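**Student:** kindly generate the corresponding structure for this input.
(2 chains)
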Amino acid sequence: MKFSTLMTASLLALAAGPAVAQDKTINIAGFGASSGVVGIFGQNSGAAMAAAVEKINAEGGVTLADGSQASLVTTYYDDRCNAEEGISVLRRIASTDALVAVGPTCSNVAEPLFGILQAKVDDAGDTGLQFPVFTDVAIKGGLAGISEWVFRNTPSESTMYDSLFAWIRETHPDAKTIYGGVEEDFAHSRFTWYEVMRKAAENHGFEVVGEAQWLLNDTNFSNQARGMRRAEPDVVAISAHPFTTCGMLREMARQRVEPKVLVGLTSSSSLETLTGCANEAEGIIIPTSFAPVNEGAQSAAAAVVANGGQLDLHSAAAWENIMILKDVIEAAGIEGTDASREEDRRKIRDGLAALTEAPGLLGMNKRMPDGEAVKPYVFVDAENGKWEVLHNPGS
Amino acid sequence: MDYFFFIDLIQSTVDGLLFGTTYALIGIGFTLIFGVMRKLNLAYGAAALAGTYIGLVVFLMFDAHPALVFLASALGSGLIGLVVYLCCFRFTPSNYPMASLLASVGMLLFIDEVVIHASHGLPYPYPSVFRDAIIELGDVWVRGDLLFVFFMCVVAMAALFWLLYRTPLGLATRAVSQQPRAAQLCGIDVTRVNMMTFGIAGVLGGIAGAMTAAAVGVLSPVIAMGLTVKGLIVVVIGGLGSIPGAIIGGLLVGAAENIFLLLRGVTERDIYVMLLLFIFLTLRPGGLFGSAQTRD
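**Tutor:** As a prediction, this is how the structure comes out:
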């Protein structure tokens, strides 16, 4: 009788074991613009995070410090690409059981937001928020240096454009001049032209013969295209988001501006540009840290589509972040209890800081001491309404 | 004066005047509603954009001819105008002007958000006509599509003038605009006139939205705020309640915007346009054609 009772209890315990594990959850919050005119970034990131979490949970979840399994959960918060809302959202996330946040999507949110975090870990005089943030989309360079609680998995635009202009110099030796077009009121576009593209072009011997500026809401580009037409540049680089990129490309076509090489902003290597102006964008070359060039990337892309999003260079980082965080959670010995929350957040921060490389969809991402990443990349161009890999510098 | 600068100045003025007709249409919509109801409908630009999206849906679903797309945009916007009237003006107390004003602000945000959710904020190609047609007058190029935009807007304005000055509905509208109580005593159904005004203004807004999208070749929700702000600037400069004022104001803002862009660059362009607005508000608050006339 005692033996049978023991057996029954053991069987029940065994049966109940996985059920208990299923009850444990680790919360990873996501945040960014999921509404408003740049809401597509957040929608895609949210879908990528959800798809990655689904995959991890289907494979058994994450292993905690006590050897038990926990499933990941994620909630996506909308900051509308507004700095004040972003700060408020992060404070709200920090008040929940979330151990880490993935976001934001906009650089103009990221910069002030990182400023509310503790700048130096263990600085008793700094009362900033102690919460790890692992950025996926906001791409403006060098922002991770603001706080030691910030880590980014965004591609290095400096590296990518430097490599792109070196490649253009090699493949188009007759191209001498470049004309820049920049969406002046968007932090990322502005930074990328003035601090990245222009410098990279000049470093590789291109002469900047002019610059055209416009604003995010502009609908008339005739003045800007006229200046471009007069300068007759060999290369035109457009640092703008899809709506104005399309408007400008149409105006260029109308005014018969036909450069030998057309270069676009990293963020434009998305479905949006092709939806808006596939014909005019034909041939535009963009460096990107994501393209569905291998089985892992293709299956991730399919999973994200099934979750209602699209995988592009931004949302691919959200997918990668979840995968990296799974490894960090398991390696750091996260307990996942209410009592251990502060300690767990710190362990995740330390785990991210300790990484020197992390797996990505295109290969290994290098993790830099300042919290930034150097990611593999390819050059894509728009061909017949699709993004095709034009050149793989790593091959 | 440098030859190219002179050419640029002419080109900027021509482009601005042609594109300014879309501002004029939006301004007319604002002014028409204000003229009849003495109330500002701040949801007007957003309703115009939403109507333009209805045209886009027709285009994407049926690959419709641009003429049909423009028509669907205009009618769609007219329909949304009626909804705005019913939601924000018909039942709000007439002795609290702030009630309808704030309701229209709420409607602006609501429509904007619905459009963004439905479109995911993605830019979509919008059909245009005479896209590649250019009339070359020496070094000055006149865009065929902008000429079409100009022509369409002029036709819409002419139709509006015919409606207002040659039809019983127009007579009723003018009567309500001048003396609503007297008009009511004469047997005019003021509510019906108000509704028709919102519908007509909506159609004009839809044409403006369609022509703006056709000129860019792409439709995006970001256009809404521009339409609203430009429309308000136009009515202040032209004179709130004056249709000729809205036309002149639209052309003036279109040209000024392009000339300031040429002279001062994009970062300062809007500063000077706003300065123009400030000057009018200070020195001529009634605008170019605003009348001091009041009503009961």
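**Student:** what pLDDT does residue B:267 get?
**Tutor:** At residue B:267, the model reports a pLDDT of 86.
**Student:** contacts only, for it.
**Tutor:** A:184, A:213 (C-beta atoms under 8 Å, 6 or more residues apart in numbering or on different chains). For glycine as for every other residue, the C-beta is placed from the backbone atoms N, C-alpha and C.
**Student:** for chain A, what are the nearby residues on chain B?
**Tutor:** Taking C-beta under 8 Å from any C-beta of the partner chain as the contact definition, chain B meets chain A at B:4, B:8, B:11-12, B:15, B:19, B:113, B:116-117, B:120-125, B:131-132, B:134, B:141, B:143, B:212, B:215-218, B:220-223, B:225-226, B:257-258, B:261-262, B:265-267, B:270.
**Student:** where does the chain have low pLDDT?
**Tutor:** All of this refers to chain A. A:1-22, A:395 (pLDDT under 70).
**Student:** wait, chain B was what I had in mind.
**Tutor:** Using pLDDT under 70, chain B drops low at B:1, B:291-296.
**Student:** strands of the stretch 1-150 of chain B, start to end?
**Tutor:** Using DSSP state E, counting those that start in this stretch, the strands of the stretch 1-150 of chain B run over residues B:124-125, B:134-137, B:140-143.
**Student:** the stretch 1-150 of chain A now?
**Tutor:** Secondary structure of the stretch 1-150 of chain A (DSSP E, counting those that start in this stretch): strands at A:25-32, A:62-63, A:69-78, A:100-102, A:133-135, A:150-152.
**Student:** in its sheet, what does the shortest one sit against?
**Tutor:** Neighbouring strands of strand A:62-63 in its sheet, by DSSP bridges, are strand A:69-78 (antiparallel).
**Student:** if you count neighbours, what's buried in the partner strand?
**Tutor:** A:69-72, A:74, A:76-78 (16 or more other C-beta atoms under 10 Å in any protein chain shown).
**Student:** who touches it?
**Tutor:** Strand A:69-78 has contacts (C-beta under 8 Å, 6+ apart) with A:18, A:21-22, A:24-35, A:39, A:42, A:45-46, A:49-50, A:53, A:56-57, A:60-64, A:85, A:89, A:92-93, A:98, A:103, A:322, A:326, A:336.
**Student:** give me the buried subset of these.
**Tutor:** A:21, A:24-35, A:39, A:42, A:45-46, A:49-50, A:53, A:56-57, A:61-64, A:85, A:89, A:93, A:98, A:103, A:322, A:326, A:336.
**Student:** in helices, which of those residues appear?
**Tutor:** A:21, A:39, A:42, A:45-46, A:49-50, A:53, A:56-57, A:85, A:89, A:93, A:322, A:326 (DSSP state H).
**Student:** out of those residues, which comes closest to residue B:192?
**Tutor:** Distance to residue B:192 across these (C-beta to C-beta) is lowest for residue A:39, with 39.4 Å.
**Student:** enumerate every residue touching the closest one.
**Tutor:** Contacts for residue A:39 (C-beta under 8 Å, 6+ apart) come out as A:33, A:78, A:80, B:116, B:120-121.
**Student:** and the two most separated of these?
**Tutor:** Between any two of these, the greatest separation by C-beta to C-beta is 14.6 Å, found for A:80 and B:120.
**Student:** nearest to chain B: which residue in chain A?
**Tutor:** Chain B sits closest to residue A:276 of chain A, with a gap of 3.6 Å, by C-beta to the nearest C-beta.
**Student:** and for that residue, the neighbour number?
**Tutor:** 28 (other C-beta atoms under 10 Å in any protein chain shown).
**Student:** ditto for the one 5 residues further on
**Tutor:** For residue A:281, the tally of surrounding residues (other C-beta under 10 Å) stands at 25.
**Student:** which residue packs closest to it, ignoring adjacent ones?
**Tutor:** residue A:382 (4.5 Å; C-beta to C-beta, 6 or more residues apart in numbering or on different chains).
**Student:** pull the residues that contact the strand or helix carrying that neighbour.
**Tutor:** Using DSSP states H and E, residue A:382 sits in strand A:378-383. For strand A:378-383, contacts defined as C-beta under 8 Å, 6+ apart pick out A:164, A:167, A:269, A:273-274, A:278, A:281-288, A:291, A:293, A:362, A:387-394.
**Student:** which among these end up buried?
**Tutor:** With neighbours counted by 16+ other C-beta under 10 Å, the contacts of strand A:378-383 contain buried members at A:164, A:167, A:269, A:273-274, A:278, A:281-282, A:284-288, A:291, A:293, A:362, A:387, A:390-391.
**Student:** restricted to helices, list these.
**Tutor:** In this view, the buried ones among the contacts of strand A:378-383 that belong to helices under DSSP H are A:164, A:167, A:273-274, A:278, A:281.
**Student:** before we move on, the earlier item: of all the strands of the stretch 1-150 of chain B, which lies closest to residue A:218?
**Tutor:** So among these, strand B:140-143 is nearest, using C-beta to C-beta, at 15.9 Å.
**Student:** mind checking how far the closest one is from the chain centre?
**Tutor:** 24 Å (C-alpha atoms, centre = their mean, to the nearest Å).
**Student:** show me which pair in the ones in helices among the buried ones among the contacts of strand A:378-383 is furthest apart.
**Tutor:** Distance extremes for those: the farthest pair is A:167 and A:278 at 23.8 Å, using C-beta to C-beta.
**Student:** tell me the buried residues in the helix or strand harbouring residue A:212?
**Tutor:** Secondary structure assigned from DSSP H and E places residue A:212 in strand A:207-214. Neighbour counts over strand A:207-214 (16+ other C-beta under 10 Å) mark A:208-214 as buried.
**Student:** past that strand, which element shows up next along the chain?
**Tutor:** Where DSSP H and E defines the elements, the next helix or strand beyond strand A:207-214 is helix A:222-231.
**Student:** so which residues make contact with that following helix?
**Tutor:** With C-beta under 8 Å, 6+ apart as the test, helix A:222-231 has contacts from A:177, A:179, A:181, A:209-210, A:212-214, A:236, A:248, A:251-252, A:254-257, B:4, B:8, B:11-12, B:15, B:143, B:258, B:261-262.
**Student:** whatever residue of the stretch 1-150 of chain B ends up closest to chain A: what's it in contact with?
**Tutor:** Residue of the stretch 1-150 of chain B nearest chain A, by C-beta to the nearest C-beta: residue B:123 (3.6 Å). Going by C-beta under 8 Å, 6+ apart, residue B:123 touches A:242-243, A:246, A:272, A:275-277, B:218-220.
**Student:** the same query, at a cut-off of 7 Å, please.
**Tutor:** With contacts defined as C-beta atoms under 7 Å, 6 or more residues apart in numbering or on different chains, residue B:123 is in contact with A:242-243, A:246, A:272, A:275-276, B:218-220.
**Student:** what do you get for residue A:211?
**Tutor:** Going by C-beta under 7 Å, 6+ apart, residue A:211 touches A:180, A:182.
**Student:** again, but for the one 3 residues further on
**Tutor:** Going by C-beta under 7 Å, 6+ apart, residue A:214 touches A:183-184, A:221, A:224, A:244, B:266.
**Student:** 6 Å - rerun?
**Tutor:** Listed by C-beta atoms under 6 Å, 6 or more residues apart in numbering or on different chains, the contact set of residue A:214 reads A:224, A:244, B:266.
**Student:** over to the last one: give its phi and psi.
**Tutor:** To tie it back to what came earlier, the one meant is residue B:266. phi -70, psi -30 (degrees, to the nearest 10).
**Student:** so in terms of bridging, what pairs with the residue nearest to it when sequence neighbours are not counted?
**Tutor:** Leaving aside its sequence neighbours, residue B:266 sits nearest to residue A:213 (C-beta to C-beta, 6+ apart; 4.4 Å). Counting by DSSP bridges, residue A:213 is bridged to residue A:182.
**Student:** ok, now which ones touch residue A:213?
**Tutor:** Neighbouring residues of residue A:213 by C-beta under 6 Å, 6+ apart: A:182, A:184, B:266.
**Student:** SS state for residue B:210?
**Tutor:** helix (DSSP: H, G, I helix; E, B strand; the rest coil).
**Student:** hmm, it is touching residue B:52, no?
**Tutor:** Yes: applying C-beta atoms under 6 Å, one finds residue B:210 in contact with residue B:52, separated by 5.3 Å.
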